[in-house]
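Participant: just to be clear, the model below is a prediction. Sequence and coordinates:
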Amino acid sequence: MRMGEFSRLTGVSQRLLRYYEEQGLLQPSRRPSGYREFTEEDIATVRGIRMLLGAGLSTTTIAGLLPCMVDDGQTLAPACSGLLPDLNRERDRINEAVAGLLAAREKLDAIIAATAPTGGDAPEVCYAAGTRP
């Protein structure tokens with residue numbers, strides 16, 4: 001099938017499909033006319049790419065993992081336990097990012113809690129130079 005139909009079936013824009021191809025994640029065949037030709041197997045590949053992106057992995061990481069993954073139509077799983085160190089490393093990276101965001105939120109909460117309620121303050125005190133609405 002050609003790209004337009006493939007895009008409709010997968011729900012992924014043509015621009016994003018071309019990006020996946022540039023990143024080596026998707027490798028459609030080419031017709032003599034140069035048009036891309038996608039298969040049913042490519043649908044499963046895009047589903048796997050979307051699942052791994054949703055899990056917070058980069059396209060570079062996905063390029064290394066995807067060939068070693070098995071898609072049963074419901075979920076994606078490593079074909080062998082050799083991928084577990086890579087997956088655990090990615091989970092650790094995500095956990096660190098979550099911890100950083102939680103710490104930032106706590107700091108922001110402290111700033112919000114320390115802010116005096118507005119009321120009779122002069123407007124010029126509340127706005128930094130050049131930020132007046």
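Facilitator: Here it is on my side, so go on.
Participant: would you list every one of the strands in this protein?
Facilitator: Ranges of strands within the chain are 29-30, 36-37, 69-71, 76-78, based on DSSP state E.
Participant: the second one pairs with which strands, and in what direction?
Facilitator: This means strand 36-37. strand 29-30 (antiparallel) (DSSP bridges).
Participant: gap between the partner strand and the chain center?
Facilitator: On the basis of Cα atoms, centre = their mean, to the nearest Å, strand 29-30 is displaced by 26 Å from the centre of the chain it belongs to.
Participant: just give the closest residue to Tyr19, not the sequence neighbours.
Facilitator: Thr59 (8.0 Å; Cβ to Cβ, 6 or more residues apart in numbering). For glycine as for every other residue, the C-beta is placed from the backbone atoms N, C-alpha and C.
Participant: tell me the most buried of the strands of the chain?
Facilitator: Most buried of those, by mean neighbour count (mean count of other Cβ atoms under 10 Å): strand 36-37, with a mean of 16.
Participant: show me the shaky parts of the chain.
Facilitator: By pLDDT under 70, the weakly predicted segments of the chain are 118-133.
Participant: quick check, central residue of it?
Facilitator: Centroid check for the chain by Cα atoms, centre = their mean gives Leu53 as the closest residue, at 3.9 Å.
Participant: distance to Ala63 added to the strands of the chain, as a markdown table?
Facilitator: As requested, those are exported to a markdown table (distance: least, Cβ to Cβ, whole Å):
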| stretch | distance to Ala63 |
| --- | --- |
| strand 29-30 | 19 |
| strand 36-37 | 19 |
| strand 69-71 | 12 |
| strand 76-78 | 15 |
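Participant: quick check: Glu37 vs Leu66, distance?
Facilitator: 20 Å (Cβ to Cβ, to the nearest Å).
Participant: quick one, longest helix in the chain?
Facilitator: Of all segments of type helix in the chain, defined using DSSP state H, the longest is helix 84-114.
Participant: which residues does the residue lying closest to Leu25 once chain neighbours are set aside contact?
Facilitator: Once flanking residues are discounted, Leu25 sits nearest to Ile49: 5.3 Å by Cβ to Cβ, 6+ apart. Residues counted as contacts of Ile49 (Cβ atoms under 8 Å, 6 or more residues apart in numbering) are 20, 25-26, 59, 62, 66.
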